[in-house]
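Peer 1: Any chance you can model this:
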Amino acid sequence: MKKISFWQQLCYIQIFNENAKKMHIDLTSRYTNCILLVKGGGDVLLNSFKVSGFKVFGKPVELNMVPKTKNYQTLDENVIVSLSKKNLKSALLYGGNNTGKSSLLDAFLVFKKLISTGNLDDFPFDLYKNFCYFEDDVIFEISFLHNHDDITYGVEFNESKDLGEYVFIGEELIFSRERDHSIEGKLIDSNLKIKERIEDLPLDKLVLSYMNEYVSNPGTDVFMNVKKFFDQIEYINDSNKNMIMSKEIMEFSTNNTKMRILNHLIESTELFIDKRELAEEGYVVENEYYNKHIPKDAFARIKTMKSQSEGLRMVSYYQNELGESVAKPSILFDSIGTNKFIVLSMSIINAILNNKILLIDEIDSSLHYKLTRALVILMNSDVNHQSQFIMSTHDVKLLSPKLFRKDQVNFVIRNKEAVSIVSLDDFKANSLKDIRSDSNFEKMYVEERIVDLPDTNISNVIKEMRALWEKKT
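Peer 2: So this is what the prediction gives:
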């Protein structure tokens, strides 16, 4: 049988049941087109996200996931097309340290948590409020595509903890509540009973959460759709990239189909690992390496904690000089970078299979640039039909017109006046900077022909340390 690459095999994933739980990989398929069939659900894709008054952000900044570049002739696979609508599969966030990249991703999470709790009772305003610029209100707004409708939902509040809230479908106002209690919109105009119930709701409570929990009405479906959108958002940063085992990773590790996909990815890279798998439960107790290298009291505690002991069951297969594949405990033998790559790969594969919006802080941390490159190729490939990825990074090797469109690359710029987000597509061809779709993005960025880079002049530090050394001698 002709050997099929990891990328081809991933193309042939077919999800047959409505909940996308039963999967089958047709390794013998001769089709050249990628097939990904998902029944039910419909499109749920991010159009844009706005935030102001939160952490380092003063005036509103916006991350846009709707393509700007028209008539783009290459990388059309980087765009999700749904009838006449288009959305970007991924976006990069560049910027100096502490400019606001992580804060932008954190704003997504805080907004999601607010939707989950439904109120401001425990919101740590003193921690999250903007401290750099003169903005008193925290404002979050998302716009997303749901079954070909553009839905916009936003909230605003300040230390008084009175919530303003609004939702649009397209240009039509469905509902809004100002912080002075005034309410309006199509939903209110058509239902006096709902209007009365909202008027009785305390201003620190979300109308969205109240509607989803207590009101069953076709006119209120839009509120449930907003919640479903936020349910699709997941986040991974440097700490959980390095986790040997979590609930999600454990579920992945016990799924033979997903592990087969992961192992083809491992096989396609130079990690010097043949594959990973979950060993039998008795492996932890019997393993000589754990007994030798983990203190006995710590090992005894680990065995009593299921999540920890499950992590110890993960093994990686290495080849010896005879070409034999030997199983070794991943926690002891795999490097930090290797483990991060594998755990991150699991999250990305899961996101693609389950139509998630995955936020990744510092995707390149501890990874060789070729590994990072392989992962973004997977994100933007034809097997991704309905997932989106937003990533912060310092990896200049990703700044390539062969990997990303101009409208997928964003720069977070911070100065004394404001924090702003600028898309590479904002710099037009034939303009002062003259950045074209096929320009050498990396070279222009490093040469500071796109945006200014952080100042790294440490001459005063060297001068001070030299003086200290001379004083000692």
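Peer 1: measure Met444 to Ser431 for me?
Peer 2: Distance, Met444 to Ser431, by CB to CB, to the nearest Å: 13 Å. Heads up, the C-betas are built off the backbone N, CA and C, glycines and all.
Peer 1: more neighbours, these two?
Peer 2: Higher neighbour count among Met444 and Ser431: Met444, with 18 against 9, using other CB atoms under 10 Å.
Peer 1: Which parts of the helix or strand that contains that one count as buried, going by neighbours?
Peer 2: Element membership of Met444 [criterion: DSSP states H and E] is helix 441-446. Across helix 441-446, burial judged by 16 or more other CB atoms under 10 Å covers 441, 444-445.
Peer 1: same question for it, mean pLDDT?
Peer 2: Average pLDDT, helix 441-446: 92.
Peer 1: ok, now stretch 364-383?
Peer 2: Stretch 364-383 comes out at a mean pLDDT of 94.
Peer 1: Same check on stretch 260-276?
Peer 2: Rounded mean pLDDT across stretch 260-276 is 92.
Peer 1: Show the end-to-end separation of it, please.
Peer 2: One end of stretch 260-276 sits 9 Å from the other (CA to CA, to the nearest Å).
Peer 1: Go through that stretch and flag the buried ones.
Peer 2: Residues 260-266, 269, 271, 273-276 are the ones in stretch 260-276 that count as buried (16+ other CB under 10 Å).
Peer 1: Ok, stretch 176-185 next?
Peer 2: Across stretch 176-185, burial judged by 16+ other CB under 10 Å covers 176-177, 179, 183, 185.
Peer 1: a markdown table for those residues, including secondary structure, pLDDT and distance to Lys161?
Peer 2: Below are the buried residues of stretch 176-185 laid out as a markdown table (DSSP: H, G, I helix; E, B strand; the rest coil; pLDDT from 0 to 100; distance: CB to CB, whole Å):
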| residue | secondary structure | pLDDT | distance to Lys161 |
| --- | --- | --- | --- |
| Ser176 | strand | 95 | 18 |
| Arg177 | strand | 94 | 14 |
| Arg179 | coil | 88 | 10 |
| Ile183 | strand | 93 | 18 |
| Gly185 | coil | 94 | 23 |
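Peer 1: which residues of the stretch 101-250 of the chain score low on pLDDT?
Peer 2: For the stretch 101-250 of the chain, applying pLDDT under 70 flags the ranges 240-245.
Peer 1: Pull up the distance across stretch 96-107, start to finish.
Peer 2: Start-to-end span of stretch 96-107 (CA to CA) is 18 Å.
Peer 1: so how far is that stretch off the chain centroid?
Peer 2: On the basis of CA atoms, centre = their mean, to the nearest Å, stretch 96-107 is displaced by 13 Å from the centre of the chain it belongs to.
Peer 1: just stretch 344-353 next, same as before
Peer 2: Stretch 344-353 sits 11 Å away from the centroid of its parent chain (CA atoms, centre = their mean).
Peer 1: circling back to that earlier point, out of the buried residues of stretch 176-185, which is nearest to Ile349?
Peer 2: Closest approach to Ile349 among those (CB to CB): Ser176, at 40.0 Å.
Peer 1: Give me the nearest residue to that closest one, chain neighbours excluded.
Peer 2: Leaving out its chain neighbours, the residue that sits closest to Ser176 by CB to CB, 6 or more residues apart in numbering is Tyr166, at 3.8 Å.
Peer 1: so what's the one you found up against?
Peer 2: 152-154, 173, 175-177, 185 (CB atoms under 8 Å, 6 or more residues apart in numbering).
Peer 1: and the host helix or strand of it, which residues are buried?
Peer 2: Tyr166 is part of strand 164-169 when elements are defined by DSSP H and E. In terms of neighbour count (16+ other CB under 10 Å), strand 164-169 has its buried residues at 164-168.
Peer 1: That's all I had, so thanks and see you.
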